[in-house]
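*Asks:* Build the 3D model from these lines:
(chains A, B, C and D)
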2 protein chains.
Amino acid sequence: MTARQGHSHQSVQKELLRRIHSGEWLPGARIPGEVDLAEEFGCARTTVNRALRQMAETGIVERKRRSGTHVALTPIRKATLQIPIIRQEVEERGGVYRHMLVSNRREQAPSSIRARLGLSGPAEMLHLQTVHLSDNRPHMFEDRWVNFSASPDILEAPLEDISPNEWLVRHVPYSRGDISFSACSASGDVAEALEIAIGSPLFLVERTTWMNTTPITTLKMFYPEGFRFSTTL
Amino acid sequence: MTARQGHSHQSVQKELLRRIHSGEWLPGARIPGEVDLAEEFGCARTTVNRALRQMAETGIVERKRRSGTHVALTPIRKATLQIPIIRQEVEERGGVYRHMLVSNRREQAPSSIRARLGLSGPAEMLHLQTVHLSDNRPHMFEDRWVNFSASPDILEAPLEDISPNEWLVRHVPYSRGDISFSACSASGDVAEALEIAIGSPLFLVERTTWMNTTPITTLKMFYPEGFRFSTTL
DNA sequence: CAGTGGTCTAGACCACTCG
DNA sequence: GAGTGGTCTAGACCACTGA
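*Replies:* Coordinates of the predicted model:
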């Protein structure tokens, strides 16, 4: 059967967005059911469904069975952030990337680190400190602990040539991660590595990753003032 | 025709993820085509397509026509952030919310603000400064400019009772927004509002929103040290 | 130019949930 | 119990792009 195309899911979404943005459908208002919309637009219900599903994923509408689809009271609540490899991050900003491994030691993980990873008993881990440079100026300082029992290969990795960040991303998959953003002031170590004054404000990203329930690595990334993490809503 | 169900798109995705996480399919490796996978799983191609499309949206795989689907070299590169109403943010963290309107004036917007909004000529705007409190302690300081020609109603809004943040979210839709995160140190004004020392590190969120090409509002939100913005990968 | 993903259709059944 | 979204199927055509 020749399926003559009425509307694409994108054109449907565009029209639905127009009605929301124009105020025709106010926040909280109920949107007609998929069957009605499909009839109105002259397309299959599947097409309407996809348009509405995408709008629900970005938080523009809320959907529940039986009660239908409503315009969200707080339109657009989700932004997606890119989590790049640091080298790419530097190069995308037009800099020449280089890294320096400041520390590379096996140590007993302190309790704060074990807590982040969800480990109860003592554990020997790889403690790596790296300065990431852009055009030979400090871009970011990374303080990382690696649970090498989950990825023994890292003990033989050429971390002078490839940063721990990049080596892990390329060799150790993970299934789950936490990430958080905050601000802090520079302690002595970090200030020295970044060549800034002690107490300077820093943008701090903390990330921990697991493969299933096995912790892989946890790290803090310290960015000096001026660095921005941007995205679009 | 009774469509007997083979696999759901979720079960397909789960199995594909397993193969990636187990190392069976390494980063960069090519994944079989949709037709082959559909045959293997005994389901429709549509089902495989949806599973792979979702995995592409989260950055786990990369898809191109003709060349097929490949495991991403940098697995998982996107995180979604919730952009809440501040009152909800405070209440979700267990605090009692209150806000104080520190400033509410019509002013000529300085050039820095006009630049953020993409306006060339002079423009009179509403300049609002709000302290958001959690359990009567400062939670965040907001410095906002509103292009009231795009939403004249705000001039009559009871901003003492409902914060500018919440009033705008509930009454003025937007189609596009920028958001960025960084760190800075507290200036005198902000330090006073947040009851912290001048120079303290702050977590700074900047957001600008438009309706189509009309600028709506731009603001900076200053969070004291200790505040974290978290999400899951 | 041929292979791969991208998408639409029409129809069906299922699952949740509100009244 | 009935209405609404959630999803699967089988088939078709289209669009991009790399060999």
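*Asks:* Distance from the chain centre to the lowest-mean-pLDDT helix or strand in chain A, please.
*Replies:* Using mean pLDDT, DSSP states H and E, the weakest-scoring helix or strand in chain A turns out to be strand A:78-82, at a mean of 79. Put simply, strand A:78-82 sits 7 Å off its chain's centre (Cα atoms, centre = their mean, to the nearest Å).
*Asks:* Which strands or helices does it pack on?
*Replies:* Packed against strand A:78-82 by the contact rule (3 or more Cβ pairs under 8 Å, 6 or more residues apart in numbering or on different chains; DSSP states H and E) you find strand A:229-232, strand B:78-82. C-beta coordinates here come from the backbone N, C-alpha and C atoms, glycine included.
*Asks:* Name the strands paired with the first one and say parallel or antiparallel.
*Replies:* With DSSP bridges as the criterion, the sheet partners recorded for strand A:229-232 are strand B:176-185 (antiparallel).
*Asks:* next SSE after the partner strand?
*Replies:* helix B:188-194 (DSSP states H and E).
*Asks:* Mind listing what's buried along the least confident helix or strand of chain A?
*Replies:* A:79, A:80, A:81 (16 or more other Cβ atoms under 10 Å in any protein chain shown).
*Asks:* cool, and stretch A:126-139?
*Replies:* Buried residues in stretch A:126-139 (16+ other Cβ under 10 Å): A:126, A:127, A:128, A:129, A:130, A:131, A:132, A:133, A:134, A:138, A:139.
*Asks:* Of the residues you listed, just say which sits nearest to chain B.
*Replies:* residue A:139 (14.1 Å; Cβ to the nearest Cβ).
*Asks:* okay, stretch A:213-232 in CSV with CA atoms only?
*Replies:* Extracted in CSV, the C-alpha atoms of stretch A:213-232 (Å, rounded to 0.1, in the frame of the first residue of the first chain):
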residue,chain,number,x,y,z
THR,A,213,28.6,-2.2,40.8
THR,A,214,32.4,-2.1,40.5
PRO,A,215,33.8,1.3,41.0
ILE,A,216,36.2,2.4,38.3
THR,A,217,37.5,5.8,39.1
THR,A,218,36.6,9.0,40.9
LEU,A,219,38.1,12.4,40.2
LYS,A,220,38.0,16.1,40.8
MET,A,221,38.6,18.6,38.0
PHE,A,222,39.6,22.1,39.0
TYR,A,223,39.1,24.9,36.4
PRO,A,224,40.3,28.4,37.1
GLU,A,225,38.1,31.4,36.9
GLY,A,226,37.1,32.3,33.4
PHE,A,227,36.3,28.8,32.3
ARG,A,228,32.7,28.3,31.3
PHE,A,229,30.6,25.2,30.6
SER,A,230,27.9,26.2,28.2
THR,A,231,24.9,24.7,26.6
THR,A,232,21.6,25.5,24.9
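*Asks:* ok, and for it, which residues are buried?
*Replies:* For stretch A:213-232, by 16+ other Cβ under 10 Å, it's A:215-225, A:227, A:229, A:231.
*Asks:* Those residues into a markdown table, with extra columns for pLDDT, secondary structure and distance to residue B:206?
*Replies:* What follows is these, written out as a markdown table (pLDDT from 0 to 100; DSSP: H, G, I helix; E, B strand; the rest coil; distance: Cβ to Cβ, whole Å):
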| residue | pLDDT | secondary structure | distance to residue B:206 |
| --- | --- | --- | --- |
| A:215 | 96 | strand | 34 |
| A:216 | 95 | strand | 33 |
| A:217 | 96 | strand | 30 |
| A:218 | 97 | strand | 28 |
| A:219 | 96 | strand | 26 |
| A:220 | 97 | strand | 23 |
| A:221 | 97 | strand | 20 |
| A:222 | 98 | strand | 20 |
| A:223 | 97 | strand | 16 |
| A:224 | 97 | strand | 17 |
| A:225 | 94 | coil | 14 |
| A:227 | 94 | coil | 13 |
| A:229 | 91 | strand | 11 |
| A:231 | 88 | strand | 11 |
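*Asks:* which is the next helix or strand following the least confident helix or strand of chain A?
*Replies:* helix A:86-92.
*Asks:* That following helix packs against which elements?
*Replies:* By 3+ Cβ pairs under 8 Å, 6+ apart, helix A:86-92 packs against strand A:97-108, strand A:124-134, strand A:137-146, helix A:164-171.
*Asks:* Those into CSV, with extra columns for distance to chain B?
*Replies:* Output for those, formatted as CSV (distance: least, Cβ to the nearest Cβ, whole Å):
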stretch, distance to chain B
strand A:97-108, 15
strand A:124-134, 16
strand A:137-146, 12
helix A:164-171, 5
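*Asks:* which one of these lies closest to residue A:8?
*Replies:* Closest to residue A:8 of the helices and strands packed on helix A:86-92 is helix A:164-171 (Cβ to Cβ; 35.9 Å).
*Asks:* if we can go back for a sec, spell out which strands sit alongside the least confident helix or strand of chain A in the sheet and which way each one runs.
*Replies:* In the sheet, strand A:78-82 lines up with strand B:78-82 (antiparallel) (DSSP bridges).
*Asks:* Residues contacting the strand it pairs with, please?
*Replies:* The contact list for strand B:78-82 (Cβ atoms under 8 Å, 6 or more residues apart in numbering or on different chains) reads A:77-83, A:179, A:231, B:57-59, B:229, B:231-233.
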